[in-house]
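> Below is the structure, and that's it, no one-letter string:
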C-alpha cells in the first residue's frame with residue numbers, strides 16, 4: 001500500500017542533526033558484534049534499509065523467521081529494538097548492502113531510494129534489490145533499468161497490508177520485474193506475506209497498488225455511506241457491517257463475471273441491466289435524503305449510469321460503465 005499513506009517508512013535521507021553510527025554507545029556496538037556471530041542459522045542474509053513502521057515490521061518478520069538480518073536507518077536509534085532481538089546494525093548504507101544477498105528497501109519515495117543507493121552502486125552488483133517503496137509505475141520501471149545497469153537483480157513490490165499485518169500469509173505482497181528472481185527468493189519473501197507474481201513488467205506492482213487502493217477507498221466510501229444511512233435508524237455499525245461483509249462476497253462474484261465481459265468487450269445484461277440499476281439507486285437516494293445523509297457518492301453513480309443510458313446502453317450490464325472511465 002502507499003508508503004506515504006500506510007507504510008510510514010523512513011525518508012532515507014540524512015538529517016544534518018541526526019546522530020551518526022560513531023555516536024552509538026560502546027554497549028550497542030558490542031551488541032551488534034555479538035549479533036553478527038549469533039546469526040548463523042544458514043538462512044539467506046537479508047538487509048533492510050529504512051526503519052519506519054513498515055520497514056521495522058519487515059525486519060522483525062525476517063528475524064522471527066531466523067534470517068540473518070542487517071538493518072540501517074538514517075536515525076540509528078530506530079534499530080535498537082531490532083538489534084536487541086538479534087539484528088545487526090550497519091554503520092553505513094554500503095555496509096548494509098554488502099551484508100545481504102537480498103537488499104530490501106522501504107523508504108519515503110523513489111528519489112530517496114536512488115539517493116541512498118547511487119553512492120554505493122558498485123556494492124549492488126550480484127545482489128537482488130527488493131524495492132518496497134511506493135511510487136509510480138514509471139518510477140519502478142526506471143529503477144529496474146538503473147539496477148540492471150549496476151548488475152543487480154530487481155523486484156518492485158507493493159505491501160498490501162499495514163505494518164501489523166506483516167508476517168501473516170493471508171496478506172498479499174505484490175512483486176513485479178522478474179518471475180525468475182521471485183521464484184529463487186520466494187521462501188525468504190514468503191515470511192513477509194503471500195508473494196504474488198505479477199510478471200516481468202517492473203511497473204505492475206505499483207500500478208496494481210494504485211488501483212487496489214482506489215478500490216479500497218471506494219469500498220470504504222460506500223460502506224460509510226451505508227453505515228450512516230442505517231445508523232440514522234439506530235442500527236449499530238457492527239450489526240450492519242456483519243451483513244455488509246457477507247454481501248461483499250456476492251459482490252466479488254459479480255466482479256468476476258463482469259471481468260470476463262470487460263475483457264471480451266461485450267456487456268450482456270443477463271443479471272441486471274443499467275436501466276434496472278437506475279431505478280434501484282433512486283430508492284437509495286430517497287432514503288438518504290429523508291435521513292439527512294450526504295448523497296454525493298450515490299449521485300455520482302447515478303450520473304455514470306445515466307450517461308450510459310443516454311448513450312443507448314441501458315440494456316447492458318453494469319460492467320458497461322467502464323467505458324465512462326476510458327477516455
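Thanks, I have the structure now. Small disclaimer: the values here were computed from a predicted structure and weren't measured. Numbering: from 1, shown residues only.

> Describe which strands the longest strand out of those in the chain pairs with in its sheet and in which direction.
If you go by DSSP state E, the chain has its longest strand at strand 153-159. Paired with strand 153-159 in the same sheet, following DSSP bridges, are strand 128-131 (parallel), strand 172-176 (antiparallel).

> May I have the residues that are in contact with residue 264?
Applying CB atoms under 8 Å, 6 or more residues apart in numbering to residue 264 gives no contacts. (C-beta placed from N, C-alpha, C; glycine too.)

> Ok, residue 262 next?
Contacts for residue 262 were tallied using CB under 8 Å, 6+ apart; they are 319, 322.

> and it, that one's in a helix?
Yes. With DSSP: H, G, I helix; E, B strand; the rest coil as the criterion, residue 262 is assigned to a helix.

> that older thread, what mean pLDDT does the longest strand of the chain have?
Mean pLDDT, strand 153-159: 98.

> what does it rub up against?
So strand 153-159 is contacted by 1, 6-7, 54, 106, 127-132, 134, 140, 143-144, 147-148, 166, 173-178, 181-182, 185, 192-193, 202-203, 205-206, 208-209, 212 (CB under 8 Å, 6+ apart).

> Point out where this protein drops to low pLDDT.
Residues of the chain that meet the criterion pLDDT under 70 lie in 1-42.

> show me where it has helices.
Taking DSSP state H to define them, one finds helices in the chain at 26-38, 53-64, 80-84, 93-99, 110-117, 137-149, 179-189, 204-231, 237-264, 274-290, 296-310, 322-325.

> which non-adjacent residue is nearest residue 144?
The spatial neighbour of residue 144 that comes closest, neighbours along the chain excluded (CB to CB, 6 or more residues apart in numbering), is residue 202 at 3.7 Å.

> Distance-wise, check the nearest residue to residue 288 once chain neighbours are set aside relative to residue 229.
The shortest distance from residue 288 to any residue that is not its chain neighbour, by CB to CB, 6+ apart, is 4.4 Å, and that residue is residue 295. Separation of residue 295 from residue 229 (CB to CB, to the nearest Å) stands at 9 Å.

> Return every residue with contacts to both of those two.
Common contacts of residue 295 and residue 229, defined by CB under 8 Å, 6+ apart, comprise residue 288.

> contacting residues for residue 173?
Shown in contact with residue 173 (CB under 8 Å, 6+ apart): 132, 157-160, 189, 192-196.

> Mark which of those are buried, thanks.
Neighbour counting by 16 or more other CB atoms under 10 Å classes 132, 157-160, 189, 192-193, 195-196 among those as buried.

> Great, nothing more from me.
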